[in-house]
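Asker: predicted model, plus sequence, below.
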Amino acid sequence: RAKKSGRARWQFFDDTMHSQAMDRLTIEDEIRISLTKGDFVVYYQPIVALLDRSTVGYEALVRWQHPVRGLLAPADFLPIAEESRLILGIDRFVLDQVCSVLAADPHGTTTISVNVSAVDLAHESWAETFTSTLRNHGVDPSRLIVEVTETAVLSLRPSTTGSLDAVRDLGVGLHVDDFGTGFSSISLLRDLPVTGLKLDASFVAGLGDDNRGVDALAAGLAGLVAHLDLTGVAEGIETETQAQTLLSQGWLHGQGYLFGKPAPWPGQKRPAR
Ligand code: C2E
Ligand code: MG
Ligand code: MG
Ligand code: MG
């Protein structure tokens, strides 16, 4: 503790810590209220085939329609939602919304990807809840993809792989998100029942930056994806040049503002409570 450094300093830290704790509790309460009021919204961003730009799927990305602060992106509330484990409720809501979109188009072939956090994976009944949500909506599991980051998986191995195995066994896809940003991305491909990977946007942004070898890395990873018979999605594509380069390297699917920004599903109603 900071006691020794004098009264004034102690007071300073104490006040700061106090106000941070207050903030956190307020935000947690607001998340709880918003979950019951239906203030969370799911946005969908298209994932396209780079060859003909046709839409092959969507990624579901949560937004918080905050009563005072307006529309908030995950960066503004995910850390607190994860630490408080309120993310469990948010992600249940997202999956429910996604399943209702899929159920409304029973003969469609587009997939929808959902992000799951380490908290979900560690929760003993996450896989069970996931499974029953799909069943209740009558959704074909092969139209869903779960996206996990390396950090999420590494933070709780080996208990995580059980829940991922369970949803994979249903026929749900499993993509490693932000691929290439961690230290052991490659070993995840060996240890998890992965069906695809998403090349992190930082690689896409770095294309053409020859002296850093980004082009060679992106091309090499495209080869790895093909050899392992995985689905490869390049993230954060903003320019035509990036799209062309990635396609020529062998990346078949892409996602980014060039093709479409995340937006609400047309006509999806917020759950009434
Ligand atoms: P992510 O899964 O890697 O999602 C991609 C992020 O990149 C999204 O940010 C998306 O809006 C953004 N993006 C897409 N195309 C472009 C582009 O061309 N340029 C730029 N600059 N950005 C682009 P978003 O929606 O803010 O989400 C951030 C992260 O929050 C996600 O990263 C994911 O890890 C997490 N997340 C989002 N929704 C959920 C959710 O429902 N549950 C959980 N547990 N996590 C979520
Ligand atoms: Mg994702
Ligand atoms: Mg990503
Ligand atoms: Mg990310």
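Answerer: Yep, it's here. Ligands and ions are numbered 1, 2, ... in the order given.
Asker: residues from the stretch 101-250 of the chain in reach of ligand 2?
Answerer: Proximity of the stretch 101-250 of the chain to ligand 2 is confined to Asn115, Glu147, Asp177 under the rule CB under 5 Å from the ion. Every C-beta, even on glycine, is put in place using the N, C-alpha and C of the backbone.
Asker: can you tell me which of the residues you listed is closest to Lys37?
Answerer: The shortest approach to Lys37 among those belongs to Asn115, at 22.5 Å (CB to CB).
Asker: nearest to ligand 3, of the residues of the stretch 101-250 of the chain next to ligand 2?
Answerer: Asp177 (4.3 Å; CB to the ion).
Asker: contacting residues for that closest one?
Answerer: By CB atoms under 8 Å, 6 or more residues apart in numbering, the contact list for Asp177 reads Asn115, Glu147, Val148, Thr149, Lys198.
Asker: would you verify that it is located in a helix?
Answerer: No. Under DSSP: H, G, I helix; E, B strand; the rest coil, Asp177 falls outside any helix and is assigned strand.
Asker: related to what we said a few turns ago, the residues of the stretch 101-250 of the chain next to ligand 2 into a markdown table, with extra columns for distance to ligand 1?
Answerer: Output for these, formatted as a markdown table (distance: CB to the nearest ligand atom, whole Å):
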| residue | distance to ligand 1 |
| --- | --- |
| Asn115 | 4 |
| Glu147 | 6 |
| Asp177 | 5 |
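Asker: same list, those, but only the ones touching ligand 3.
Answerer: Applying CB under 5 Å from the ion, the subset of these adjacent to ligand 3 comprises Asp177.
Asker: how about the residues of the chain by ligand 3?
Answerer: Asp177, Asp178, Glu235.
Asker: what residues are bridge-paired with the first one?
Answerer: Read it as Asp177. For Asp177, the beta-bridge partners are Thr149 (DSSP bridges).
Asker: could you check the pLDDT of it?
Answerer: For Asp177, the model assigns a pLDDT of 97.
Asker: state the distance from it to Glu128.
Answerer: Distance of Asp177 to Glu128, computed by CB to CB, to the nearest Å: 23 Å.
Asker: likewise for the second one?
Answerer: For Asp178, the distance to Glu128 (CB to CB) stands at 27 Å.
Asker: between those two, which one's more packed in?
Answerer: Asp178 (21 against 12; other CB atoms under 10 Å).
Asker: surely that one meets Leu197?
Answerer: No. Counting by CB atoms under 8 Å, Asp178 does not reach Leu197; the two are 9.5 Å apart.
Asker: secondary structure class for the spatially closest residue to Arg63 that is not a sequence neighbour?
Answerer: Spatial nearest neighbour of Arg63, excluding adjacent residues (CB to CB, 6 or more residues apart in numbering): Val41 at 4.8 Å. Following three-state DSSP, the label given to Val41 is strand.
Asker: contacting residues around Val41?
Answerer: Here Val41 is in contact with Val62, Arg63, Trp64, Gln65, Leu71, Pro264, Arg270 (CB under 8 Å, 6+ apart).
Asker: just the buried ones among those, please.
Answerer: Among the contacts of Val41, those buried by neighbour count (16 or more other CB atoms under 10 Å) are Val62, Arg63, Trp64.
Asker: for those, which one is nearest ligand 1?
Answerer: When these are ranked by distance to ligand 1 (CB to the nearest ligand atom), Val62 comes first, at 3.5 Å.
Asker: doesn't the closest one lie inside a strand?
Answerer: Yes. Counting by three-state DSSP, Val62 is part of a strand.
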